[in-house]
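Enquirer: what follows is a predicted structure for the sequence shown.
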Amino acid sequence: MTDPFKNILIGLKNIIDNQKFSEGYLEIKDVASNELRTAINGIICYDNSHFSSSLDMPFLDVMTEKNANPICADILKVPFAWVPPKTSDDPLYTAHSHSKVHVELLGPQGIINSKIVRLGLYGILPNSEYGIRTHPAEELFIMLAGQAEWLRGAGKYELKKAGEYSYHPSGMRHATKTTHSAFMSVYIWSGDISTDNYHYLGLPTE
């Protein structure tokens, strides 16, 4: 019997391998691809305590749109335990996290343990804002469905849709917001993937 979870890992590896970057070569791409290959080849059993819940309708809406990445159909077959991330204990971070869902597929708290990357699925509901944050980890988001605006460094918000990405070198300030649409993405942390030096700075001032 085909394992839908393994199919998702294979699909994510293909997405990462085929993504083109205006920055040129990004080491995070190879790190994630190699770790996914190891997971796919070695998968025998995994922690299914991460499987228990479903997504809210706004996520289902964008993940079933025609322009959504086909992997979304596979993701919706697995009852992942979608919960807000707990990257920080900061009360402001917690207050701004109710509209977020994620599941760590590979990582220290992942369905498959990894000490090299944090890699998983991540989405935000419509009309939500996730403020400025910084962290030592190099980070990459690749959009799978829906759309969101991403702020990088001292730049302005840029709209990203399915198939596009937002890349954040170590220490870069970045933020995210949505308007009428939710989004779903694959995220990757590489390098120092500890959350010890993660800092949440709140919403940007206009």
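Expert: Cool, the structure landed. Everything numeric here is computed off the predicted structure, so don't read it as measured data.
Enquirer: quick one, what contacts the nearest residue to residue 55 once chain neighbours are set aside?
Expert: Distance criterion CB to CB, 6 or more residues apart in numbering; nearest residue to residue 55, sequence neighbours excluded, is residue 82 at 5.6 Å. Bear in mind the C-beta positions are built from the backbone N, C-alpha and C, glycine included. Counting by CB atoms under 8 Å, 6 or more residues apart in numbering, residue 82 touches 53, 54, 55, 101, 102, 103.
Enquirer: wait, the last one sits on residue 118?
Expert: No - at 11.2 Å, residue 103 does not count as touching residue 118 under the criterion of CB atoms under 8 Å.
Enquirer: quick one, strands of this protein?
Expert: 100-107, 112-113, 117-124, 129-134, 138-152, 158-161, 165-168, 174-177, 183-190, 199-202 (DSSP state E).
Enquirer: which other helices and strands contact the first one?
Expert: For strand 100-107, the packing partners by 3 or more CB pairs under 8 Å, 6 or more residues apart in numbering; DSSP states H and E come out as helix 4-18, helix 27-42, strand 112-113, strand 117-124.
Enquirer: point out the most buried one among these.
Expert: Mean neighbour count (mean count of other CB atoms under 10 Å) peaks for strand 117-124 among these, with a mean of 25.
Enquirer: avg pLDDT for it?
Expert: Here strand 117-124 scores 98 as its mean pLDDT.
Enquirer: that strand pairs with which strands, and in what direction?
Expert: strand 100-107 (antiparallel), strand 183-190 (antiparallel) (DSSP bridges).
Enquirer: next, the angle strand 129-134 makes with it.
Expert: 150 degrees (axes from the mean of the first three to the mean of the last three CA atoms, to 10 degrees).
Enquirer: so which residues make contact with strand 117-124?
Expert: For strand 117-124, with CB under 8 Å, 6+ apart as the criterion, the contacting residues are 12, 31-32, 35-36, 55, 59, 75, 80, 85, 99-108, 110, 130, 137, 141, 144, 146, 148, 176, 178, 182-190, 193.
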